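**Q** can you look at this prediction? I've put the sequence above it.
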Amino acid sequence: MKFKHLKLLALVSTLTAAVSMSFAGLAQASTTSASSRSYGVDVSSYQPNSTTSYSKAGAQFVIVKVSEGISYRNPNAKAQVASAKANNLLPMAYHFANFGSSSSRAKSEADYAIASAKAVSLPAGSYLAIDWETSSSNSTSGSKSANTSAIMAFMKEVKAAGYQPLLYSGAYLLNNAINTSTVKATYPNSLWVAYYTSSGRIDAPDFSYFPSMNGVIIWQFTENWKGLNVDGNISVLPLSISSSSSSSSSSSPSKTPASQAPVSKTKKKIMSKSYVYTSAGKKTGAYKSAYTYVYVIGGIVKIGSSNYYKIGTNQYIKINNVDGTARKLVHNAWTYNSKGKRVKSVATLKKGKQVFTYGGKRKIGKKTYYRINVGRYIKAGNVK
C-alpha cells in the first residue's frame with residue numbers, strides 16, 4: 001500500500017521461533033477462512049506473482065490490489081489471487097480510492113473494483129476493501145460527513161455485488177477524517193487499520209501499541225514483514241468467506257443498531273491470572289485462573305490507558321494476560337521452570353530477539369521473573 005503517514009512508537013524486532021509457535025503460527029491455512037491472530041500480507045504490482053514465500057513465512061491470507069480509480073487494474077492481480085489459492089491462503093482484494101469525498105465518483109469506482117475483482121476470479125463472498133488514504137489522486141480534505149458518505153456509497157455497492165466490504169486507512173484518518181461510527185453501524189467489524197510501531201523489518205506486532213478504536217478486523221502493523229518487503233497484517237478477528245453474501249443481498253443500510261449486530265467469539269487461553277474489570281475499569285473481585293480458557297467477544301477494547309478483552313456482560317480482562325507484552329532481550333536468556341530451575345532442553349534465547357511476557361513480574365525464590373509460556377520463565381533483567 002501507499003500509506004506512509006503512520007506514527008512510529010517503539011522498536012519491535014524478530015520473534016523467537018519458540019514463542020512464534022505459541023502466538024499465531026500454527027493456524028491451518030485455508031482458502032475460505034483464517035482464524036484470529038493469523039498473519040497476512042497485502043500485495044500490488046510491486047510484488048511478484050507468486051505468494052509462496054509469504055505462505056512459507058506463515059501468512060494465512062493475501063489481500064491483492066485489483067484496481068485504482070476507474071482505469072487502472074493491477075496486471076499481477078490474477079496471478080496473485082491464483083497463487084494465493086494454490087498455496088491454500090484466503091484470497092482478499094482491495095481497490096485504491098481516487099474519489100475523495102465524491103459519492104457519485106465512489107459508485108463508479110466501486111463498479112470498476114467489482115468488475116476487476118470478478119475478472120481475477122475473486123470468490124463471491126470474499127472481502128473487498130476500499131483503500132482510502134491521502135495521495136495525489138485522492139483528497140482527504142473534505143468534510144467528515146462528505147468523506148464518510150462517499151466511502152459508504154462504495155461499500156454499499158460492494159455489499160450489493162456479493163462481496164464483504166472493508167475500509168482501509170491509517171489510524172489518524174479513521175479518527176479524524178471519517179465518521180467510523182457511521183461505517184460500523186452498517187458494517188460492524190469492517191475496519192482495516194494501518195498503524196506502525198516502528199520502521200524497518202517487523203516480524204510480529206506489539207499489541208501494547210494497538211490503535212485505540214473498536215470495529216477493527218485487521219491491523220496492518222508493518223511495511224516490511226519478516227524482511228520480505230511486503231506489508232504485514234494480523235487478523236484481530238476471524239476472517240471467512242461469507243456464504244450469505246450474494247448479489248441478492250439488500251443494498252440498503254442495516255436498520256439494526258451496532259450494539260445489536262452479531263459479534264464473533266474467539267476461544268483464548270489465559271496465560272496469567274486475570275482479574276475481571278467493569279467497563280469503567282473497576283475490579284469486580286472475580287478473576288480467571290492462568291491456563292484456563294475464555295471466549296473473547298469481539299475485538300480489543302480500550303478502557304482508560306489499557307487494552308482489554310470483553311468476556312461477558314460488563315466483564316473485561318486485560319489483554320497482556322492473554323496475548324502478552326512484546327519485550328526485547330537485552331541479554332542471552334535461559335528458560336526456567338516454576339521452581340526456578342533451568343530448563344536445559346530449551347535453547348538459549350538470544351540477545352536482540354523478541355519474546356512475549358504474560359502478566360507482571362513475579363518472584364520465584366529470591367529472583368524476579370517474567371512468564372513466557374506455560375510453566376516457563378525468564379529472568380526479568382534479561383528484557384526491557
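**A** Nice, I can see it.
**Q** when you work out contacts or count neighbours from here on, use the C-alpha atoms and nothing else.
**A** Fine.
**Q** could you say which helix or strand holds Lys85?
**A** Counting by DSSP states H and E, the element that carries Lys85 is helix 77-86.
**Q** just the angle between the helix or strand just after that helix and helix 77-86, please?
**A** The helix or strand immediately downstream of helix 77-86 is strand 90-96, counting by DSSP H and E. Interaxial angle, strand 90-96 versus helix 77-86 (axes from the mean of the first three to the mean of the last three CA atoms, to 10 degrees): 160 degrees.
**Q** before we move on, the earlier item: just how off-centre is the helix holding Lys85 within its chain?
**A** 22 Å (CA atoms, centre = their mean, to the nearest Å).
**Q** swap in stretch 220-232?
**A** 13 Å.
**Q** buried residues in it?
**A** Within stretch 220-232, the residues that qualify as buried by neighbour count (16 or more other CA atoms under 10 Å) are Gln220, Phe221, Thr222, Glu223, Asn224, Trp225, Lys226, Leu228, Val230, Asp231, Gly232.
**Q** cool, and stretch 195-212?
**A** Buried residues in stretch 195-212 (16+ other CA under 10 Å): 195-207, 209-211.
**Q** which of these sits closest to Lys184?
**A** Using CA to CA, Pro211 comes nearest to Lys184 of the buried residues of stretch 195-212, at 16.3 Å.
**Q** give the contact list for that closest one.
**A** Counting by CA atoms under 8 Å, 6 or more residues apart in numbering, Pro211 touches Ala171, Tyr195.
**Q** which element is it on?
**A** Applying DSSP H and E, one finds Pro211 in no helix or strand.
**Q** tell me how far it lies from Gly170.
**A** Per CA to CA, to the nearest Å, Pro211 is found 10 Å from Gly170.
**Q** which neighbours do these two have in common?
**A** Common contact partners of Pro211 and Gly170 (CA under 8 Å, 6+ apart): Tyr195.
**Q** now do the helices in the stretch 1-150 of the chain.
**A** Applying DSSP state H, counting those that start in this stretch to the stretch 1-150 of the chain gives helices spanning 17-23, 52-57, 77-86, 103-119, 144-160.
**Q** and of those helices, who's closest to Tyr316?
**A** Once the helices of the stretch 1-150 of the chain are compared by CA to CA, helix 17-23 is nearest, at 21.1 Å.
**Q** how is this protein partitioned into domains?
**A** Using automatic domain parsing, the domain parsing of the chain gives 17-258, 263-321, 325-382.
**Q** thinking again about what came up before, next, format the helices of the stretch 1-150 of the chain as CSV and append mean pLDDT, mean neighbour count and distance to His331.
**A** Shown next, in CSV, are these (pLDDT from 0 to 100; neighbours: other CA atoms under 10 Å; distance: least, CA to CA, whole Å):
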stretch, mean pLDDT, mean neighbour count, distance to His331
helix 17-23, 35, 15, 17
helix 52-57, 96, 16, 26
helix 77-86, 98, 22, 39
helix 103-119, 98, 21, 49
helix 144-160, 98, 22, 49
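**Q** quick one, which of these is nearest to Lys282?
**A** helix 17-23 (28.6 Å).
**Q** please report how far Thr180 lies from Tyr187.
**A** Distance of Thr180 to Tyr187, given as CA to CA: 10 Å.
**Q** list the residues that contact Ala280.
**A** Neighbour list for Ala280: Ile303 [criterion: CA under 8 Å, 6+ apart].
**Q** what sits up against the helix holding Lys85?
**A** 31, 44-45, 48-52, 61-62, 64-66, 90-92, 119-122.
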